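*Asks:* could you work out the structure for the sequence below:
(one chain, ligands or ions: 3)
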Amino acid sequence: MTDRLTITRPDDWHLHLRDGEVLQHVVPATAAQMGRAVVMPNLNPPVIDVQQALAYRERLLAHVPPGSQFDPLMTLYLTDNTSAEMIAAAAASKHVKAVKLYPAGATTNSDSGLTDLGKLDDICAALTEADMPLLVHGEVTHNQVDIFDREKQFLDEILTPLAARHPKMKLVVEHITTRDAVEFVQAHHDQVGATITVQHLAYNRNHMLVGGIRPHLFCLPILKRNVHQQALQDAVVSGSYKFFLGTDSAPHAKGAKESACGCAGCYSAYAAIELYAEIFEDLGVLNKLEAFASFNGADFYGLPRNTDQITLIKEAWQVPAEMPFGKDIIIPLRAGETLRWKLAN
Ligand SMILES: NC(=O)N[C@@H](CC(=O)O)C(=O)O
Ligand SMILES: [Zn+2]
Ligand SMILES: [Zn+2]
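*Replies:* Numbers count the residues shown, from 1 in each chain. Ligands and ions are numbered 1, 2, ... in the order given. Model prediction:
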């Protein structure tokens, strides 16, 4: 039985850190384990240009503990006003690594998202030119489309033709949740990859809805039926280099989740690598954790792999029932439960 696992330091290729006083909690949590994280730009108001991204990065760096080399990789939020010049400027900056597409209204703070997807072609041409990836929250937002079908419909309606028109553009389908998305990624060339979260590997919609509604498992895209969870598990078991770690850790205060109109998002960053390790072990592929967590994403982005290592120890510990979150508290994923792996420090 493995009771110690040393791997190259991982990176989180999809992370929400928010802003303001909660940074004192969430930045050190990720910096304790990840070498880098792709920081999502859906602040309110969103991060739309290089200047804002660099200013946000400074606010993040102010909370990185001394001695940590944690490097926040910044993203720009695509709006109807994003221009090819703004993308060229982002590519020329050292710290902006990608552009994020939120269809307007798709998720938390996406009201400034692209309303006219017809504008995407110019953006994609500029991204291809800059060799910068387009990150997508892949869900359509039409009222008539069922929430469980929104990812598949986005793939069929938007991403399949877009990838065909821009075959050289790097495209990351973020936080995939369906068998359709796994097949989409597998069917494309190496320029198309995907992030997979802890919650979409560990849960399906029954976990969220049977025996009572569990608001802390509500995230977007929403948890799907078990055959889709199985397809995501098969994708990581396959060891394909097209899939990589992206927690989509998306913290919201307890009250914002336990509400008549609760926010979407799970807080997993506090123990991201431990949570993935447990899942990979359950799937019998602990030996594939390192590539998923520490190699595939860096290779996809064309960035060097981290050179230092982390060690996980087989040591049971209990996740706190709640954690401080600025003036609020937050209920982490798996609150009160026992985790099997612990990061050594
Ligand atoms: N994943 C979520 O459920 N929520 C994210 C937004 C997102 O990534 O779609 C958030 O910012 O809260
Ligand atoms: Zn999203
Ligand atoms: Zn997200």
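*Asks:* mind showing which ranges of the stretch 1-150 of the chain have poor pLDDT?
*Replies:* For the stretch 1-150 of the chain, applying pLDDT under 70 flags the ranges 1.
*Asks:* would you map the helices across it?
*Replies:* 23-31, 50-61, 84-92, 120-130, 150-154 (DSSP state H, counting those that start in this stretch).
*Asks:* so which of those is nearest Pro332?
*Replies:* Nearest to Pro332, of all the helices of the stretch 1-150 of the chain, is helix 23-31, at 9.5 Å by Cβ to Cβ. Bear in mind the C-beta positions are built from the backbone N, C-alpha and C, glycine included.
*Asks:* given the longest strand along the chain, what are its sheet partners and their directions?
*Replies:* Taking DSSP state E as the criterion, the chain has its longest strand at strand 309-318. With DSSP bridges as the test, strand 309-318 is paired with strand 4-8 (antiparallel), strand 338-343 (antiparallel).
*Asks:* just confirm Val50 contacts Ala91, I think it does.
*Replies:* No. Val50 is beyond contact range of Ala91, at 9.5 Å (criterion: Cβ atoms under 8 Å).
*Asks:* how about the residues of the stretch 51-200 of the chain near ligand 1?
*Replies:* Thr107, Thr108, His137 (Cβ under 6 Å from any ligand atom).
*Asks:* in a markdown table, list those along with neighbour count.
*Replies:* Listed next are those as a markdown table, based on neighbours: other Cβ atoms under 10 Å:
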| residue | neighbour count |
| --- | --- |
| Thr107 | 20 |
| Thr108 | 19 |
| His137 | 25 |
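*Asks:* mind checking pLDDT for the spatially closest residue to Gln229 that is not a sequence neighbour?
*Replies:* With sequence-adjacent residues excluded and distances taken as Cβ to Cβ, 6 or more residues apart in numbering, Gln229 is closest to Asn204, at 4.3 Å. With respect to pLDDT, Asn204 scores 98.
*Asks:* where does the prediction get shaky in the stretch 151-300 of the chain?
*Replies:* For the stretch 151-300 of the chain, no range has pLDDT under 70.
*Asks:* residues touching the longest strand of the chain, excluding its own?
*Replies:* Strand 309-318 has contacts (Cβ atoms under 8 Å, 6 or more residues apart in numbering) with 1-10, 33, 273-274, 277, 336-344.
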